[in-house]
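**Student:** My questions are about this predicted structure, shown below with the sequence.
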Amino acid sequence: RDETRRDDTSNHRHRHLHCLRCRRLRTARARSPLPAMTISEASIDFIAGWCSGAVGVLTCQPIDTILTRFQAGPLVSASSTAARPPLTAAAAIQVQTQRLVNTGGMRALWRGSSAMIGAVPLQNALLMGGYGIGKQYSAAVDKESESAHGDGRKQPNAHVLMSVFVGGCVGGVVQSFLMSPVELVKVHQQVNSTRMAQAVGMDVLRGLVSSPQRSWRGLSATLLRDGVPHGVWFASYEYSKTVLGEHYQKGTTGQQLAVPLISGGIAATVAWGVGYPFDLIKTRMQASAVAENVDTTSGSHGSHPKGVIATAKELIAESNGRVVPGLYRGFGLKLARAIPASMIGFVAYEFVADQLRY
């Protein structure tokens, strides 16, 4: 009986101390001058998009450098070496890679990354922001619809896809004005190895003031590449993620991680299938300034820059009048860069966004 009484006393004392600690903790939290920090969804989309873009640049820039020189085609040969007989796609890629490595070592494969590392995270932040706004809008409309019907019905999936599509298009158009001059710097650095990156960057900055048409060369093609195709990109990702998410909802961690990976790869393939011709046209338009020895701050040298249609005709003529081979030259190499970048980017976005929310 004495032992039982001592155990009861000990348990009572332990519960009393535990309750006392809880009260002190609640009191300390109540007196704390620092309120609980909350992050808005817009900020989460921005930060997660920034991290996603930085990871994509660091991992995929070498393929982008080779692709840019390949897309420039004869312009690279004209600006660096004597004319050579036409090469097959595989041979041209091999030549460009060897020339880069022989000239500047392995570091040359990251040529142009200085401009992109600063800009692409912001580009992705704008894109992911548009994607997030589209998702929030569709979720709000779905909630209102469910309340109005009172029977748990929601708007059809097509409504969600349309909201995400519009958000992607808006984000794509907005970031085009950021990326057009930045990609002009990148293309110059990748195509012309005789000038320092800092000199090219200063030329573009001066051109924005003195001769905007030079620094905005390729903007029209950039808008066509980044508008609708980015809407397609996000809508494809959302659709794939929804379908795969339902299938792997109760799967293992690896299966759940595969959802954004596979969805990102599918989205990149579909989106670049729509927008790749304009990417090729944009690169050729911007690279022509290097081949013509045109200073981006003055229009005193070289011919008048060609537009989208004239450049497209030139590309088709180089392929003996064949439209698809002419406008999709290098498409396989583009997918070799875009699919891993999209997969890594969406996984990074989802991971960072989840960490910030929880």
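**Tutor:** Thanks, I have the structure now. Numbering: from 1, shown residues only.
**Student:** Give the residue spans of the stretch 1-150 of the chain that score low on pLDDT.
**Tutor:** Regions of the stretch 1-150 of the chain meeting the criterion pLDDT under 70 cover residues 1-39, 74-89, 104, 141-150.
**Student:** ranges for the helices of it?
**Tutor:** Along the stretch 1-150 of the chain, the stretches classed as helices by DSSP state H, counting those that start in this stretch are 2-31, 41-72, 74-80, 89-104, 113-149.
**Student:** do the stretch 151-300 of the chain as well
**Tutor:** Applying DSSP H, counting those that start in this stretch to the stretch 151-300 of the chain gives helices spanning 157-191, 197-210, 212-215, 219-226, 228-247, 253-291.
**Student:** Mean pLDDT added to those, as JSON lines?
**Tutor:** Rendered in JSON lines, the data for the helices of the stretch 151-300 of the chain read as follows (pLDDT from 0 to 100):
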{"stretch": "helix 157-191", "mean pLDDT": "85"}
{"stretch": "helix 197-210", "mean pLDDT": "68"}
{"stretch": "helix 212-215", "mean pLDDT": "70"}
{"stretch": "helix 219-226", "mean pLDDT": "94"}
{"stretch": "helix 228-247", "mean pLDDT": "89"}
{"stretch": "helix 253-291", "mean pLDDT": "87"}
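**Student:** Nearest to L100, out of the ones you listed?
**Tutor:** For those, the distance to L100 is smallest for helix 157-191, at 8.8 Å, taking CB to CB. The C-beta positions use only the backbone N, C-alpha and C, and glycine is treated the same way.
**Student:** Flag every buried residue along that closest one.
**Tutor:** Residues of helix 157-191 classed as buried by neighbour count (16 or more other CB atoms under 10 Å): 160-176, 179-191.
**Student:** now stretch 328-346
**Tutor:** Buried-residue list, stretch 328-346, by 16+ other CB under 10 Å: 328-331, 333-335, 337-346.
**Student:** now swap in stretch 90-97 and tell me
**Tutor:** So stretch 90-97, judged by 16+ other CB under 10 Å, has buried residues A92, I93, V95, Q96, T97.
**Student:** distance of the fourth one from T103?
**Tutor:** When you say that, I think you mean Q96. 11 Å (CB to CB, to the nearest Å).
**Student:** Now for M285: which residues touch it?
**Tutor:** By CB atoms under 8 Å, 6 or more residues apart in numbering, the contact set of M285 is R217, G218, A221, P305, K306, G307, V308, T311.
**Student:** Who are the contact partners of the closest residue to it other than its chain neighbours?
**Tutor:** Distances taken as CB to CB, 6 or more residues apart in numbering place G218 nearest to M285, at 4.4 Å, with adjacent residues excluded. Contact analysis of G218 by CB under 8 Å, 6+ apart lists S180, E183, L184, K282, T283, M285, Q286.
**Student:** Mind telling me the two of those residues farthest from one another?
**Tutor:** S180 and T283 (11.9 Å).
**Student:** So G227 sits against S176, correct?
**Tutor:** Yes. Counting by CB atoms under 8 Å, G227 touches S176, with 7.3 Å between them.
**Student:** Could you report the distance from A54 to T68?
**Tutor:** Counting by CB to CB, the separation of A54 from T68 is 20 Å.
**Student:** Comparing the two, which residue is more hemmed in?
**Tutor:** T68 (24 against 19; other CB atoms under 10 Å).
**Student:** nearest spatial neighbour of that one, skipping sequence neighbours?
**Tutor:** Q190 (4.5 Å).
**Student:** Tell me the spacing between that neighbour and G330.
**Tutor:** Distance from Q190 to G330, by CB to CB: 14 Å.
**Student:** swap in V347?
**Tutor:** According to CB to CB, V347 stands 26 Å off from G330.
**Student:** swap in T59?
**Tutor:** When T59 is compared with G330 (using CB to CB), they lie 19 Å apart.
**Student:** R284 too?
**Tutor:** 11 Å.
**Student:** So for N320, which of the helices of the stretch 151-300 of the chain sits nearest?
**Tutor:** helix 253-291 (16.7 Å).
**Student:** Which neighbouring elements make contact with the helix or strand that that closest one is followed by?
**Tutor:** Going down the chain from helix 253-291, the next helix or strand is helix 308-318, by DSSP states H and E. Helix 308-318 sits against helix 219-226, helix 253-291, helix 323-327, with contacts defined as 3 or more CB pairs under 8 Å, 6 or more residues apart in numbering; DSSP states H and E.
**Student:** With distance to R357 as new columns, can those helices be given to me in TSV?
**Tutor:** Converted to TSV, these look like this (distance: least, CB to CB, whole Å):
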stretch	distance to R357
helix 219-226	28
helix 253-291	15
helix 323-327	42
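**Student:** any idea how far the residue nearest to V187 when sequence neighbours are not counted is from G73?
**Tutor:** Closest residue to V187 apart from its sequence neighbours, by CB to CB, 6+ apart: Q286 at 4.4 Å. Distance of Q286 to G73, computed by CB to CB: 13 Å.
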